[in-house]
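1. No sequence on hand, only this structure:
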């Protein structure tokens, strides 16, 4: 398929064209470049929701329930589920299967899993690229779901308009969330599985932590929603909080500022990724191995060798 | 202090000089460069052990017990504990305090915590740099302890001669480990807290997963050690497995090959990090903002802008 045709089909919400476009993005080929340049002008109307949290917190169940709620409002929903995991398993296959049975048959829903295969660095770029395609395809809501375990995943969750952090009452979870930097990025908290013992303590602990953070009345104060996603309890309130946050962003004229900030991060990431790709195609294995021998023989240090390689790279540019 | 003096003091195992050197590395200054080039020739004799696993698995307790065991053998032990966490908490302070009371008063032990402060990318480089300093200072054993939650932390654990993955019997943990890529990097498994219910099932599950992996008789097959680190149960067996792995590496002539491979990864990471630093000092905020305006107005795509910025960077080089 010629790429202009592909873009055209994406604009017409052709599911196969969307899937193929994301595959181009995943394989990082030239078609993806052309496509992304083409679709970009049509982006900007989808509302992006990021959902993150520790493994097993119930992120996909919440995503599914939210999706069903938005479908009742006749909104079209796209889900990008990012699992930054091993080449060994290829991602959360079980979760996908459950999800597909639940909402996968709905034509107003598009679901795509993206897993790293050894290249975590590029994944957040690629997930955001995929959201451009879905945005251009006219989806009203794009949900970016990621396991909150590393910087890359936080990057993805932060690329959304509203970022939701899902926690469970298990002891220490709120502390872990704090340590993992999740507290800083949350616009909405969900305390899922809130029918479990210890739920009230976890709620209080979380609230205390939130209160410690400096805030003035103009600043957004995230609310904590208690939910039992498996029984669809709390879904309406989650949607309300997302709506409340959206209104806040618009009323305080923060919406465009937030998107501009995200764009800046995105460009920086793209530049770094591209330069990295240039780098290792320009520097031969030979130069690297030669440096290696010298270092092993303790003639030079790794830093000295690195500087030499950068010199080579500069000359090649 | 002049840097040659500092290096000299490091060689003499001066604790304050070691601490100061690692601080230079953390703040990424020119003194660190000079120092790392100087100390490198004296590295290579320490045996490096990487310990990783999910939060709360008992990594620091195991590290402490192993340290006490090695101290009885009169080996000098350095510990680098990496906590890739929030600027909010500044790392595992509580754990550090417990640790200091336990082994921190011993002059044959050196403990250093390194936490990211917004710069996860550079942390694995810095932890490995710090291990160079400790190696040159004459420590026999260097333990690199990291939370197994992201690529960076796996990089650190893999920079060791023997990599240990710590799991607990909680359901799903072995599956999570598999998903997080921990299975591929483990030379030794520890099933800690093995007095808990479900321990035998977890052991069997883990063993089954290990058996699925292809292996011939020449290949290293990691053993699973059951431990209760809080009661110092299993520590001897952990040390035995580390020793067994060391012997295997030496007998199969894999030791130098492994270190050369690690060195290659290390140089690549240093080159990428340095280039990244060059990049954003060469590209002005002005160029970035100009691009940003065009993208926001949908005149160009982020990819187009990124390519323009790379052009600017090439010209500056």
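-> Yep, it's here. Since the model is a prediction, treat every value here as computed from it, not as a measurement.
2. How about the residues of the stretch 201-317 of chain A by chain B?
-> By the criterion of CB under 8 Å from any CB of the partner chain, the positions of the stretch 201-317 of chain A lying close to chain B are A:256, A:259-260, A:263-264, A:266-268, A:270-272, A:274-276, A:278-280, A:283, A:288, A:291-292, A:295-296, A:298, A:300-307, A:309-310, A:313-314, A:317. All C-beta atoms are positioned from the backbone trio N, CA, C, and that covers glycine.
3. Now the buried members of these.
-> The neighbour-count test (16 or more other CB atoms under 10 Å in any protein chain shown) applied to these identifies A:259, A:263-264, A:266-268, A:270-272, A:274-276, A:278-279, A:283, A:288, A:291-292, A:295, A:300-307, A:309-310, A:313 as buried.
4. Which members of these are positioned in strands?
-> Under the assignment DSSP state E, these contribute nothing to strands.
5. any residues touching stretch A:188-204, and which ones?
-> Taking contacts as CB atoms under 8 Å, 6 or more residues apart in numbering or on different chains, the residues outside stretch A:188-204 that touch it are A:53, A:57-58, A:61-62, A:162-171, A:173-174, A:206, A:210, A:222-230, A:234, A:238, A:241-242, A:245.
6. Narrow those to those that are buried.
-> A:53, A:57-58, A:61-62, A:162-170, A:173-174, A:206, A:210, A:222-229, A:234, A:238, A:241-242, A:245.
7. just checking, which of those residues belong to strands?
-> Counting by DSSP E, the buried ones among the contacts of stretch A:188-204 contribute A:53, A:162, A:163, A:164, A:165, A:166, A:167, A:223, A:224, A:225, A:226 to strands.
8. Including distance to residue B:131 and pLDDT, could those go into CSV?
-> Supplementary listing: these in CSV, determined by distance: CB to CB, whole Å; pLDDT from 0 to 100:
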residue, distance to residue B:131, pLDDT
A:53, 33, 79
A:162, 42, 96
A:163, 36, 94
A:164, 39, 93
A:165, 34, 89
A:166, 36, 89
A:167, 35, 86
A:223, 44, 93
A:224, 41, 94
A:225, 44, 97
A:226, 45, 96
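9. Go through those and name the one nearest residue B:105.
-> Using CB to CB, residue A:167 comes nearest to residue B:105 of those, at 37.6 Å.
10. Distance-wise, check the closest one relative to chain B.
-> Residue A:167 sits 14 Å away from chain B when distances are taken as CB to the nearest CB, to the nearest Å.
11. can you check residue A:110 too?
-> Here the distance between residue A:110 and chain B works out to 22 Å (CB to the nearest CB).
12. tell me the SS of that residue?
-> Three-state assignment for residue A:110 (DSSP: H, G, I helix; E, B strand; the rest coil): strand.
13. Quick check: beta-bridge partners of it?
-> Legend: beta-bridge partners of residue A:110 under DSSP bridges are residue A:78.
14. Might you report the residue contacts of it?
-> For residue A:110, the contact set (CB under 8 Å, 6+ apart) comprises A:15, A:18, A:76, A:77, A:78, A:79, A:134, A:137, A:139.
15. which among the residues you listed end up buried?
-> With neighbours counted by 16+ other CB under 10 Å, the contacts of residue A:110 contain buried members at A:18, A:76, A:77, A:78, A:79, A:134, A:137, A:139.
16. hmm, which helix or strand of chain A has the shakiest average pLDDT?
-> Counting by mean pLDDT, DSSP states H and E, chain A has its least confident helix or strand at helix A:173-179, which shows a mean of 57.
17. want to try JSON lines for the buried ones among the contacts of residue A:110, with distance to residue A:38 as columns?
-> JSON lines is the format used below for the buried ones among the contacts of residue A:110 (distance: CB to CB, whole Å):
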{"residue": "A:18", "distance to residue A:38": "14"}
{"residue": "A:76", "distance to residue A:38": "21"}
{"residue": "A:77", "distance to residue A:38": "24"}
{"residue": "A:78", "distance to residue A:38": "18"}
{"residue": "A:79", "distance to residue A:38": "23"}
{"residue": "A:134", "distance to residue A:38": "15"}
{"residue": "A:137", "distance to residue A:38": "12"}
{"residue": "A:139", "distance to residue A:38": "17"}
